[in-house]
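J.: Task: produce atomic coordinates for the following.
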Amino acid sequence: SSSSSSSSTKSSEPEVLNEEEKKKIALEKFEKAHIATFGGARISAEGVRKLKEGGKSVLLVDVRTDEEMAVSRIDGSIDEETFWKMQRSKILDHAIVGYCTIGFRSGLFAKKLKEEGFKDVYNGEGVVLWTHDPLAEPLVRYSDDGKKKPVKEVHVYGKDWDLAKDEYKTEKFSSVASVTSGMFGTVRSIVSRMWKHTPSKTDEKNKGSEN
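T.: Below is the predicted model of the structure:
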């Protein structure tokens, strides 16, 4: 009787993943999202570092919501809205790396860039996997006056993507409704900002997929 009680208690305990397991699962999620949305060139934090070391100009574009970016973003990145306001001729020679939490939203972004004629486009592995690279640029938070500071905090969207390195404090959308709003809000922003001059008929079917 005591053994069955003990077994029952043990099975009800939440599974605790070590960092290698978290990284492995996050990478699997990225691969799934990448294939579903873009399937082209992909890049890790290490890959970005090697491009820069080789003298390549790299433009990191954060395609997440304002709420997510307010927690932290990759140092040196710009937001999606700023990207679309840039003079195209000045960035055609850049490697453009979009990123989100895991890779779904940035995959849509990369897909659209290719459709727009950009050549050097990558789907970045996202902030969750970024936290697992000790040599990557730090995640930073910007204050209202534009100053930035390194932080060990990251917005992971929802519990299914809570796979950041252990030293990072993670934040999530507070409810299923918020998560749904976050995803659809992002897709709507892509439609309104990116597709307004060249509407795509295929992207609506991607709504609701993994982040």
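
J.: Low-confidence regions, this protein specifically.
T.: Where the chain drops to pLDDT under 70, the residues are 1-14, 175-211.

J.: Can you list the residue ranges for helices in it?
T.: 2-12, 19-37, 45-53, 66-71, 80-85, 104-115, 126-130, 176-194 (DSSP state H).

J.: Contacts for the third one next, please.
T.: Right, the one you point to is helix 45-53. 43, 58, 60, 95, 97, 122, 124-125, 129-130, 133, 135-137 (CB atoms under 8 Å, 6 or more residues apart in numbering). The C-beta positions use only the backbone N, C-alpha and C, and glycine is treated the same way.

J.: Please identify the buried residues of it?
T.: The neighbour-count check on helix 45-53 (16 or more other CB atoms under 10 Å) flags 45, 47-49, 51 as buried.

J.: Alpha carbons only: can I get that helix in PDB?
T.: The C-alpha atoms that make up helix 45-53 are tabulated as PDB, following Å, rounded to 0.1, in the frame of the first residue of the first chain:
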ATOM      1  CA  ALA A  45      23.800  32.500 -32.300                       C
ATOM      2  CA  GLU A  46      27.100  30.900 -33.200                       C
ATOM      3  CA  GLY A  47      26.300  31.300 -36.900                       C
ATOM      4  CA  VAL A  48      25.600  35.000 -36.400                       C
ATOM      5  CA  ARG A  49      28.900  35.400 -34.600                       C
ATOM      6  CA  LYS A  50      30.800  33.700 -37.400                       C
ATOM      7  CA  LEU A  51      29.100  36.000 -40.100                       C
ATOM      8  CA  LYS A  52      30.200  39.000 -38.100                       C
ATOM      9  CA  GLU A  53      33.700  37.700 -37.600                       C
END
